[in-house]
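# Need coordinates for the following:
(chains A and B)
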Amino acid sequence: MRRDAELYSLILLLGVLAVAPLFSTQYTVRLLTVGLLYGLAAVGFNLLYGYTGLLSFGHAMFWSAGAYGLSIGLVRLGLDPLQSIGLAFLLTLVVALATGYLSLRHTEIYFAMLTLAFAQLIYALIIKLRDVTGGDEGIYGIPRPMGLGEYYYLVLAIVASLVLLAWWIVRTPLGLGFQAVRDNSSRAASVGLDVSRVRLVSYVISALYLSVAGMLYAPLNRAITPDIAFWTFSAIIVIMTIIGGVRRVAGAFIGGLIFIFININAMRFTEFWQLILGLILAILVYLAPEGVSGIVEKVVRRVRG
Amino acid sequence: MDISLIVVQAFNALFYASILFLISSGLSLIYGIMRILNLSHGALYMVGAYVTYTVVILWLGLDWFSMILGYLASILVVGGLGILVERILLKPLYGKSHDLQLLLTFALILILDDVVKMIWGPEYRAFPKLPGFSIPVGDFQVPIYFIFTVLLGFSVAIVLHLFFTRTTVGKMIRAMTYSPEVASALGINTDRLFALSFGLGAALAGLAGGVAVPLYTASPGMGTEVIVLSFAVIVIGGMGSIKGALLGSLIVGFSRVFMVMLFPVMEIALIYIIMALILLVKPTGLFGMEMRERR
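Numbering: from 1, shown residues only, chains lettered A, B, ... in the order given. The predicted structure is shown next:
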């Protein structure tokens, strides 16, 4: 696939998502919105993983920082929406800078384990600080400013801009710097890149993507529970990115959508939907080792000859 | 504070640490030798819990003899499952991207959770009581089962230590921890030892489930919390080290049990603070060696 083809397929996909609600029930629109947010999360995660080569096992903490920051502002502190968004961003930046500064002393497995430790620490605090976070029960009664149908388009507009922004970022000198650090950090350093700064920038941008997804998720659901901070959610972020394909922005985005798509259909089909989801993921390991986008690329290449 | 309460809590902590050790020694072994982060290790622990429950409660009735049979059944079923998973599912992935191992072991959690639900139903499966009697300590009771578990945990630690230091197979496996290529060049059949190691690691998780189930009850998804605590254990002790898993389990066990008593807000948080501090100060853990990814 040529470079531009990725942009065209992204635009096509977003176009399809723009008309999809016209043919969907309320229930499906809700799930599509979740799909968009998972796609956004995967794109953000992939800036750090696919493009910078750092596997975080704690990205649920940024989704949670966004979701809890906004909800605490709106419900607990009675702030207006703009102030609450500000609070959520502030919280995300504090968490991202602190954990990033510390975790990025290492790479590979030690980095993954540090991010896991910090994310679980935050999960433990969410569970225990009941007065602020609601503990196990979470936060209820988060207001949504508009109906579901309109909210879908708000989410779509934000997600589309951020996904296209990510497509652009990886083509700027900054994004090329991510990839240089990923491919060979000592060579990147020798040509004058500040490797730790490049990694931290990637980490923080990635965290902000997750945070925005979390902020949009809280009003959609009207309630949040600590599941979104648990390690399994961090794992799901990793998994959906991998099934989409880590080599491209579009791949990760498709991964989020596919993950929700499989989920919905498996749930409709049987109460044992986890089994179906697990089997499909296991099959993808062998059939699509480079993700679904890898298969699409192969097919396109073959058709073109 | 009442001294008998401290004694009882110390037994609680030792019991908890023993279970953690059984799980995390297997996890550490698998990571050390194969560099596989086995996310499904907690799910294997869950299967072990259900197998012992079935043998003891559903089939034979609660006594020590059936407990031992239950453990053996858990070891065989889960160890066998581990070998099947390694031979059929993991082997084709060696030398490929680590992503695929993560994806596969995560898929296994989803699959095993639902298979357990299909066979045993979604409800919790609890033991009516612990096997054996209790010893009074001041105003409190220490179940003999706690003492049994602690002795079992330490015995397994000693057996594993002897296995890795005294037997040829154990030494071969340790050689592979440093480098499978070199081990292979020295004439060690690494392929078969991979299967054996994964099976042994899985069997330890199965035994852990069997030992834990009388107190913790069996439920689908019971592995997801314990797996992340096991990661904390092996990071603290040092990935790939059995001694490290033992020390890590004691640290996590004691800090959790005593935090519940002293400062409950930090019950779980402290574990992850210790984990992060160790990673920052001594990333190889207290007893570990450096783990580089193999490509």
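
# Identify the residues contacting residue A:293.
A:244, A:245, A:247, A:248, A:250, A:251, A:254, A:255 (Cβ atoms under 8 Å, 6 or more residues apart in numbering or on different chains). To be clear about C-beta, it is placed using only N, CA and C from the backbone, and glycine gets the same treatment.

# What ranges does chain B have for its strands?
In chain B, the strands defined using DSSP state E lie at B:134-137, B:140-143.

# what residues does the last one touch?
Pointing back at strand B:140-143 there. B:4, B:5, B:7, B:8, B:11, B:130, B:132, B:133, B:134, B:135.

# Give me the helix or strand of chain B that scores worst on average pLDDT.
Here the helix or strand of chain B ranked lowest by mean pLDDT, DSSP states H and E is helix B:180-185, holding a mean of 85.

# quick check, distance from stretch A:152-165 to the centre of its chain.
Here the centre of stretch A:152-165 is set off from its chain's centre by 13 Å, with Cα atoms, centre = their mean, to the nearest Å.

# Actually, stretch B:117-135.
19 Å.

# and what of stretch B:30-41?
That offset, for stretch B:30-41, works out to 12 Å (Cα atoms, centre = their mean).

# re earlier: please report which of the contacts of residue A:293 has the highest neighbour count.
When neighbours are counted by other Cβ atoms under 10 Å in any protein chain shown, residue A:244 leads the contacts of residue A:293 with 31 neighbours.

# Can you give me the pLDDT of the residue nearest to that one when sequence neighbours are not counted?
Residue nearest to residue A:244 in three dimensions, not counting chain neighbours: residue A:255, with 2.1 Å by Cβ to Cβ, 6 or more residues apart in numbering or on different chains. With respect to pLDDT, residue A:255 has a value of 95.

# What strand or helix carries residue A:255?
Residue A:255 is part of helix A:249-269, with elements assigned from DSSP states H and E.

# The helix or strand following that helix - contacts with which helices or strands?
Scanning forward in sequence from helix A:249-269 by DSSP H and E, the next helix or strand is helix A:273-287. Packed against helix A:273-287 by the contact rule (3 or more Cβ pairs under 8 Å, 6 or more residues apart in numbering or on different chains; DSSP states H and E) you find helix A:231-244, helix A:249-269, helix B:98-120.

# Just want the angle from helix A:273-287 to helix B:98-120.
In terms of direction (axes from the mean of the first three to the mean of the last three Cα atoms, to 10 degrees), helix A:273-287 departs from helix B:98-120 by 150 degrees.

# thought residue B:156 was touching residue B:19?
No - the criterion here is Cβ atoms under 8 Å, and residue B:156 misses it with residue B:19 at 11.2 Å.

# Now the residue of the stretch 201-305 of chain A found nearest chain B: closest residue in space, sequence neighbours ignored.
Nearest residue of the stretch 201-305 of chain A to chain B: residue A:278, at 3.2 Å (Cβ to the nearest Cβ). If the residues on either side of it in the chain are set aside, residue A:278 comes closest to residue B:110, at 3.2 Å by Cβ to Cβ, 6+ apart.

# Give me the secondary structure label for residue A:247.
coil (DSSP: H, G, I helix; E, B strand; the rest coil).

# From residue A:156, how far off is it?
25 Å (Cβ to Cβ, to the nearest Å).

# same check, this time on residue A:282
Distance of residue A:282 to residue A:156, computed by Cβ to Cβ: 32 Å.

# Please apply the same query to residue A:43.
14 Å.

# same check, this time on residue A:290
From residue A:290 to residue A:156 the distance is 28 Å (Cβ to Cβ).

# Can you name every helix or strand that the helix holding residue A:255 contacts?
Against helix A:249-269 (3+ Cβ pairs under 8 Å, 6+ apart) you get helix A:3-19, helix A:26-48, helix A:148-169, helix A:231-244, helix A:273-287, helix A:291-304.

# okay, these, which one's buried deepest?
helix A:231-244 (a mean of 26; mean count of other Cβ atoms under 10 Å in any protein chain shown).

# Also compute the angle for that helix relative to helix A:249-269, please.
For helix A:231-244 against helix A:249-269, the angle by the same axes, to 10 degrees is 110 degrees.

# average pLDDT for helix A:231-244?
96.

# same deal with stretch A:198-214?
The average pLDDT within stretch A:198-214 is 98.

# Does that stretch reach chain B?
No - Stretch A:198-214 does not reach chain B (Cβ under 8 Å from any Cβ of the partner chain); its nearest approach is 15.8 Å.

# roughly how far is that stretch from the heart of the chain?
The answer for stretch A:198-214 is 9 Å, by Cα atoms, centre = their mean.
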